[in-house]
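*Asks:* What would the 3D arrangement of this be:
(2 chains)
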Amino acid sequence: MAATPLLELRGIDKSFGPVQVLHDVGLSVYPGEVTALVGDNGAGKSTLVKCVSGIYSMDAGTVAFEGQQVAIHTPRDASALGIEVVYQDLALCDNLDIVQNMFLGREKTRGITLDEPTMEQMAGDTLASLSVRTVKSLRQLVASLSGGQRQTVAIAKAVLWNSRVVILDEPTAALGVAQTAQVLELVRRLADNGLGVVLISHNMNDVFAVSDRIAALYLGRTAAEVKATDVTHSQVVELITAGRSGNLGLPPEKTSDFVDITPPGDDR
Amino acid sequence: MSTTTTGSAGKVKVAKPTVASHVSDYIGRVRGGDIGSLAAVLGLIVLTLIFGVARPDTFFSTLNFANLFAQGAAVVFIAMGLVFVLLLGEIDLSAGYTSGVAGAVMAVLLTTHGWAWPSAILVSLVTGLVIGFTLGFLVSKVGIPSFVVTLAAFLAFQGVLLVLLGGGTNISIQNEFVLSLANDNLSVFWSWVLAVVIIAGFAGAQLIRVRGRAARGLVHDPLGIVLGRIVGVAVIVLVATAILCQERAINPAINSLKGIPIVVPILVVFAVIWTFVLSRTTYGRHVYAVGGNAEAARRAGIPVDRIRISVFVIGSFMAAVGGIIAASRASSVDPRSGGSNVLLYAVAAAVIGGTSLFGGKGRIVDAILGGAVIAVIDNGMGLMNLSAGSKYIFTGVVLLLAAGVDALSRRRAAATGNR
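*Replies:* Numbering: from 1, shown residues only, chains lettered A, B, ... in the order given. Predicted coordinates:
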């Protein structure tokens, strides 16, 4: 484990109007490790990812990349740093082929024409580095691929640009058993190649299968950041559902934390 | 030849295509719902046979063959522009009247104000660009559905046309250059030069592509298929040129008529330019991406709004080109220019050719093939002396048929994961 995190978030606050979704959230991502980001629906996982990837702006907090403080305001800032996000809905164009999708928005050109041979070669090399050895054709339309193959293309698209941190949003949510195993293997391989990987997942089996660290969010707060080997399955579930488990997690809620919303005069 | 031999793309092993696998892939794609231009080609053959049997003397005459180009050209230009708009899943219902307005602008400047033809044509084309930008801006920045924006424009441009023509007069065009665009022919010599240039250009483009890929060790189409394509194009171009270079005037002593119509090279130039733009440039790639999945395109950093405006600009620009050609052919502009069936024909041309109304799928050649089908229908029914009423009904049915094939093949493609 490296001493300095590749990506370190500290004290992130984010509100949408009057609703504060993230309170003082922290997250550390180390190179060569898979950090699982877990939390129930509405815990703020997606919001946090969108802040890191520059889609949302943060209200407060700092982001350090390799120990240097950086500012991320737009998706381009994030990709310039080497932070890539693979979204749950994959963001692939069905009517384009594998190569076209992998280079979408960042096409290689020679003069004013597209440099198809170079793109095809780079795409092939990247897929090979992820140990994807056989596809029928790199010119196959993405529409004709299986769910697992699409996930592979989306991940390959993210690592094509020498990225340093890859954030995967529920990569196995829609997959069958065999394909899930394939994708998890791919996730592990990304980390073994030295990337910092953030895996967002609801599935505890997936989390324990590949992750080195687990960060749990509970109602927009960081409940705990622990090593995967230090906690049990049920402890993580408690962190997700209650925000604490034994001496891990957030302090117990105090009555003073709550606002009395009983209508005045209703004294029953 | 076996399909298990492998080639490489980078370091990934992929199946190396052979002539046999290429053919079976194509059959598989058609079965899977990706019929492309097949419907247009089959329709063209069937319609030619029907009209040929019904009116063998007139339909198969060389004069009529040449007429097809002049009759169909304006619709094909408009359809080329519509391909861009349809690729984004949008529609431009005002394209017909945009062509009418552009034609009227040119005619008024030439005839009423006595301008020279270059400036009149330029202003007319700029009119198309401005119209396209306005439509695109309203659709992408204001957010009005393109159906409503262009339906409003459809009505408004009808009014603009009336105003330009001073309430319904007919403005005739005397400028020789403008009249020659849709009515004159290349000389026999230049006709053959054009034919050779087209064949050489097509063959060169195909072979350079194969060599470039082979040099990098990438898989490429098997040579048999490439040569087949080149020979096919060469045969069609040479036969058409030979027919068009025959004397076709009824009385050659008075007015000799032979050679390729001048609209053909204009069509070829636009077809080559737009095909290049769509298939070989970053911009074209982004048009397909926005049409396929706008959200994915946005996340990939593609300026979706600007792409959306640009397709309307190209659409209206090509409508203006079509309007100029139509005005040249009619040698006048009247309040019905660009009205009645022009828009319907143009949309039908694009859709029959294989461009999807749902976006993301379409090519420029679709506009030409579909335009040929429409031209044959219009021409053949004219020769059979059918009433205007039955012509409209038949063309409406053909458009519905094409849109039905599009919708069904899309469903089939979704079911087979082919699209």
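*Asks:* next one: phi and psi at residue B:259?
*Replies:* phi 110, psi 170 (degrees, to the nearest 10).
*Asks:* Just the pLDDT for residue A:118.
*Replies:* pLDDT for residue A:118: 88.
*Asks:* Not counting its neighbours along the chain, what's nearest it?
*Replies:* Excluding the flanking residues, the one nearest residue A:118 by Cβ to Cβ, 6 or more residues apart in numbering or on different chains is residue A:108, at 5.1 Å. Using the backbone N, CA and C atoms, a C-beta is placed for each residue, glycine as well.
*Asks:* do residue A:151 as well
*Replies:* In space, residue A:151 is closest to residue A:183, 5.2 Å off (Cβ to Cβ, 6+ apart).
*Asks:* what's the weakest-modelled helix or strand in the chain?
*Replies:* In the absence of a named chain, chain A is used. One helix or strand of chain A scores below all others by mean pLDDT, DSSP states H and E: strand A:248-249, with a mean of 76.
*Asks:* actually it's chain B I care about, not the one you picked
*Replies:* Result, chain B / mean pLDDT, DSSP H and E: strand B:6-9, a mean of 51.
*Asks:* Identify the residue of the stretch 51-200 of chain A closest to chain B, quick one.
*Replies:* residue A:124 (2.2 Å; Cβ to the nearest Cβ).
*Asks:* That residue sits in which helix or strand?
*Replies:* helix A:116-129 (DSSP states H and E).
*Asks:* Tell me the helices and strands packed up against the next helix or strand after that helix.
*Replies:* Using DSSP H and E, the helix or strand that follows helix A:116-129 in sequence is helix A:147-159. With contacts defined as 3 or more Cβ pairs under 8 Å, 6 or more residues apart in numbering or on different chains; DSSP states H and E, the packing partners of helix A:147-159 are strand A:83-86, helix A:98-102, helix A:116-129, strand A:165-169, helix A:177-192.
*Asks:* what residues does the following helix or strand past the last one touch?
*Replies:* So the one you mean is helix A:177-192. In the C-terminal direction, the helix or strand that comes right after helix A:177-192 (DSSP H and E) is strand A:196-200. Defining contact as Cβ atoms under 8 Å, 6 or more residues apart in numbering or on different chains, one finds that strand A:196-200 is touched by A:5-7, A:27, A:29-38, A:45-46, A:49, A:164-171, A:187, A:190-191, A:206-207, A:210-211.
*Asks:* Of all residues in chain B, which one is nearest the centre?
*Replies:* residue B:367 (2.7 Å; Cα atoms, centre = their mean).
*Asks:* ok, the closest residue to that one other than its chain neighbours - contacts?
*Replies:* Among residues not flanking residue B:367 along the chain, residue B:79 sits closest, at 3.7 Å (Cβ to Cβ, 6+ apart). By Cβ under 8 Å, 6+ apart, the residues touching residue B:79 are B:345, B:346, B:347, B:349, B:350, B:353, B:366, B:367, B:370, B:371.
*Asks:* looking at this, residue B:108 is in a helix?
*Replies:* Yes. Judged by DSSP: H, G, I helix; E, B strand; the rest coil, residue B:108 forms part of a helix.
*Asks:* Just give me the neighbour total for it.
*Replies:* Close neighbours of residue B:108, defined as other Cβ atoms under 10 Å in any protein chain shown, add up to 19.
*Asks:* Setting aside sequence neighbours, what's the nearest residue to it?
*Replies:* residue B:164 (5.8 Å).
*Asks:* my read: that neighbour touches residue B:103, true?
*Replies:* No. Counting by Cβ atoms under 8 Å, residue B:164 does not reach residue B:103; the two are 9.7 Å apart.
*Asks:* the more surrounded of the two?
*Replies:* Per other Cβ under 10 Å, whichever of residue B:164 and residue B:103 has more neighbours is residue B:103, with 32 against 20.
*Asks:* quick one: pLDDT of the more buried one?
*Replies:* Taking residue B:103 on its own, its pLDDT is 94.
*Asks:* which secondary structure elements does the helix or strand containing it contact?
*Replies:* Secondary structure from DSSP H and E places residue B:103 in helix B:95-107. Helix B:95-107 sits against helix B:62-87, helix B:117-137, helix B:146-164, strand B:171-172, helix B:304-330, strand B:332-333, helix B:342-353, with contacts defined as 3+ Cβ pairs under 8 Å, 6+ apart.
*Asks:* Return the most buried member of those.
*Replies:* helix B:342-353 (a mean of 28; mean count of other Cβ atoms under 10 Å in any protein chain shown).
*Asks:* what's the angle between the next helix or strand after that helix and helix B:342-353?
*Replies:* The helix or strand immediately downstream of helix B:342-353 is helix B:364-383, counting by DSSP H and E. Here helix B:364-383 points in a direction 120 degrees away from that of helix B:342-353 (axes from the mean of the first three to the mean of the last three Cα atoms, to 10 degrees).
*Asks:* Dump helix B:364-383 to PDB, restricted to CA.
*Replies:* Included here for helix B:364-383 are C-alpha records, laid out as PDB according to Å, rounded to 0.1, in the frame of the first residue of the first chain:
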ATOM      1  CA  ILE B 364     -25.900  10.500 -48.200                       C
ATOM      2  CA  VAL B 365     -26.200   7.800 -50.800                       C
ATOM      3  CA  ASP B 366     -29.600   7.000 -49.300                       C
ATOM      4  CA  ALA B 367     -30.800  10.400 -50.600                       C
ATOM      5  CA  ILE B 368     -29.700   9.600 -54.100                       C
ATOM      6  CA  LEU B 369     -31.100   6.000 -54.200                       C
ATOM      7  CA  GLY B 370     -34.400   7.000 -52.500                       C
ATOM      8  CA  GLY B 371     -34.500  10.100 -54.800                       C
ATOM      9  CA  ALA B 372     -34.200   7.800 -57.800                       C
ATOM     10  CA  VAL B 373     -37.100   5.700 -56.600                       C
ATOM     11  CA  ILE B 374     -39.200   8.900 -56.100                       C
ATOM     12  CA  ALA B 375     -38.200  10.200 -59.500                       C
ATOM     13  CA  VAL B 376     -39.100   7.000 -61.200                       C
ATOM     14  CA  ILE B 377     -42.500   6.900 -59.500                       C
ATOM     15  CA  ASP B 378     -43.300  10.500 -60.400                       C
ATOM     16  CA  ASN B 379     -42.100  10.100 -63.900                       C
ATOM     17  CA  GLY B 380     -43.700   6.700 -64.600                       C
ATOM     18  CA  MET B 381     -47.100   7.800 -63.300                       C
ATOM     19  CA  GLY B 382     -46.900  10.900 -65.400                       C
ATOM     20  CA  LEU B 383     -46.300   8.800 -68.500                       C
END
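*Asks:* For it, give the mean pLDDT please.
*Replies:* For helix B:364-383, the per-residue pLDDT averages 91.
*Asks:* What residues of the very next helix or strand once past that helix count as buried?
*Replies:* Counting by DSSP H and E, the element after helix B:364-383 in chain order, helix or strand, is helix B:388-416. By 16 or more other Cβ atoms under 10 Å in any protein chain shown, the buried positions in helix B:388-416 come out as B:391, B:395, B:398-399, B:402-403, B:405-406, B:409-410, B:412-413, B:416.
*Asks:* and residue B:93, what is it in contact with?
*Replies:* B:147, B:150, B:151, B:153, B:154, B:343.
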